[in-house]
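[1] I need the structure of the sequence given here:
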Amino acid sequence: MKTRLISAMKTYFILLFCIHGALSGTHSLLYFYTASSGIPDFPEFVDMGMVNDQVISRYDSITKRKVPRQSWMEKVFDQRYWDSTTEDLSGAEKVFKTNIQIAQKRFNQTGGIHISQDMYGCTWDDETGFTEGFHQIGYDGQDLLAFDLKTATWIASVPQALHSKMKWEMDMSSIESKKSYLTQECIVWLKKYLEYGKTTLQRTVPPSVSLLQKTPSSPVTCHATGFYPSGVMVSWQKDGQDHHEDVKNGETLPNNDGTFQKSTHLTVTSEEWKNNKYQCVVQVTGIKKDFIKVLTESEIQTNWGDPAPNIVPIIGGVVALLLVVVVVGVVIWKKKSKKGFVPASTSDTDSENSGKGAQKI
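    Sure thing, here's the model as predicted:
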């Protein structure tokens, strides 16, 4: 079981950290609440807050503390903020644990591994001014409920969710509060966070680009790493024209220093690339310059005869421990969901996110 979870974690990072895509000018504030049952030695509840592609805060049922995950978050908010939001999330933890028990009854389940996932937040395009809010709830890899801002109603994706839909829609004050948060308060906080952490969240870092090959007959890998933000295009060109034949693109993955990496693999014979001009072109959102590596023998880095290097960074043990519990639900849910999911010293002490997704089903 642990082996499957760790394997799934790699896919989870792809989905989670790149969930808002590479849209220029678009910023997002996103919160994940995850409750689980049947996974020994892992947190039964985890909350993570994210701005764009950066985790800014975390709470889990083992440490029972909400803590900053960015240095600027630690500087901006005083201890009252962390105490207050910790208290709110402690309450949310109890609600989510109860929800898993209720969901098991509704789906006629006993025992086993189960994941309840709550994702909500907002996006803001600083170029067009367009904003959008969202709140989706999933269970065991499938959509359960989604809030429709236009109609201010909950959409039930399965019969087992109808009871929650009807109960929540009877509470009009809760509906109005949720609509206000997703369309107004969330956007205000997103802009605050972007200002507080602008040196980190709105920076650009150019990539380091390498051409790698395991053996003379292996595909040639164009590996771009160390760039920020995560929006990137890594492509091959042949004689100045875009080349897609025999090209396999990898996913954008996070490095442990907050930057990202991405690879694309070209299957081509040495005779072919020696007789034609092949080059890898890397374009990063926010950086006007293109980064180009021409495929020549001198540019290829190889370890022929040695084991292939692991170019995917090892995720820190503590982070892995706290995030594995989130993996199964997110990965399965995102794969099955047909809906696109587009993400959301000072005296501020408001618990702007804590507990807002916690509703008893």
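
[2] distance between stretch 206-220 and the chain's centre?
    Here stretch 206-220 is found 27 Å from its chain centre; the criterion is Cα atoms, centre = their mean, to the nearest Å.

[3] any buried residues in that stretch, and which?
    207, 209, 210, 211, 212, 213, 214, 219, 220 (16 or more other Cβ atoms under 10 Å). For glycine as for every other residue, the C-beta is placed from the backbone atoms N, C-alpha and C.

[4] taking those residues, tell me the two that lie furthest apart.
    207 and 214 (21.4 Å; Cβ to Cβ).

[5] and the helix or strand harbouring residue 121, what's its mean pLDDT?
    Element membership of residue 121, judged by DSSP states H and E, is strand 114-125. Averaged across strand 114-125, pLDDT comes to 94.

[6] what lines up beside that strand in the sheet?
    Here strand 114-125 is paired, per DSSP bridges, with strand 26-37 (antiparallel), strand 131-139 (antiparallel).

[7] may I have that strand as PDB, with CA atoms only?
    Only the C-alpha atoms of strand 114-125 are listed here, as PDB (Å, rounded to 0.1, in the frame of the first residue of the first chain):
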ATOM      1  CA  HIS A 114     -11.600   6.400   1.800                       C
ATOM      2  CA  ILE A 115     -10.800  10.000   0.900                       C
ATOM      3  CA  SER A 116     -13.000  13.100   1.200                       C
ATOM      4  CA  GLN A 117     -11.700  16.100  -0.700                       C
ATOM      5  CA  ASP A 118     -12.800  19.700  -0.600                       C
ATOM      6  CA  MET A 119     -11.300  22.200  -3.000                       C
ATOM      7  CA  TYR A 120     -12.300  25.900  -3.200                       C
ATOM      8  CA  GLY A 121     -10.900  29.300  -4.100                       C
ATOM      9  CA  CYS A 122     -10.800  31.900  -6.800                       C
ATOM     10  CA  THR A 123      -8.800  33.200  -9.800                       C
ATOM     11  CA  TRP A 124      -8.000  36.800 -10.900                       C
ATOM     12  CA  ASP A 125      -6.600  37.900 -14.200                       C
END
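
[8] where do the strands sit along the stretch 101-250 of the chain?
    Secondary structure of the stretch 101-250 of the chain (DSSP state E, counting those that start in this stretch): strands at 114-125, 131-139, 142-148, 153-156, 208-213, 220-227, 232-238, 241-243, 247-249.

[9] among those, which comes closest to residue 202?
    The nearest among those, by Cβ to Cβ, is strand 114-125 at 12.9 Å.

[10] let's have the strands of the stretch 101-250 of the chain in CSV, adding distance to residue 47.
    Shown next, in CSV, are the strands of the stretch 101-250 of the chain (distance: least, Cβ to Cβ, whole Å):
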stretch, distance to residue 47
strand 114-125, 9
strand 131-139, 14
strand 142-148, 18
strand 153-156, 21
strand 208-213, 34
strand 220-227, 28
strand 232-238, 29
strand 241-243, 43
strand 247-249, 32
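
[11] looking at those strands, which is closest to residue 34?
    Of those, the one closest to residue 34 (Cβ to Cβ) turns out to be strand 114-125, at 5.4 Å.

[12] tell me the secondary structure for residue 301?
    strand (DSSP: H, G, I helix; E, B strand; the rest coil).

[13] who's in contact with it?
    Going by Cβ atoms under 8 Å, 6 or more residues apart in numbering, residue 301 touches 210, 211, 212, 213.

[14] run the last query once more with 7 Å
    Residue 301 is in contact with 210, 211, 212, counting by Cβ atoms under 7 Å, 6 or more residues apart in numbering.

[15] wait, the first one sits on residue 224?
    What that stands for is residue 210. No - Residue 210 is beyond contact range of residue 224, at 8.1 Å (criterion: Cβ atoms under 7 Å).

[16] now do the end-to-end distance for stretch 152-172.
    End-to-end distance of stretch 152-172: 9 Å, with Cα to Cα, to the nearest Å as the criterion.

[17] and for stretch 146-156?
    7 Å.

[18] switch to numbering from 25
    New numbering, starting at 25: the last item is stretch 170-180.

[19] can you pull the buried residues of that stretch?
    Neighbour counts over stretch 170-180 (16+ other Cβ under 10 Å) mark 170, 171, 178, 180 as buried.

[20] and those, which is closest to residue 320?
    residue 170 (51.3 Å).

[21] any idea of the pLDDT on residue 385?
    74.
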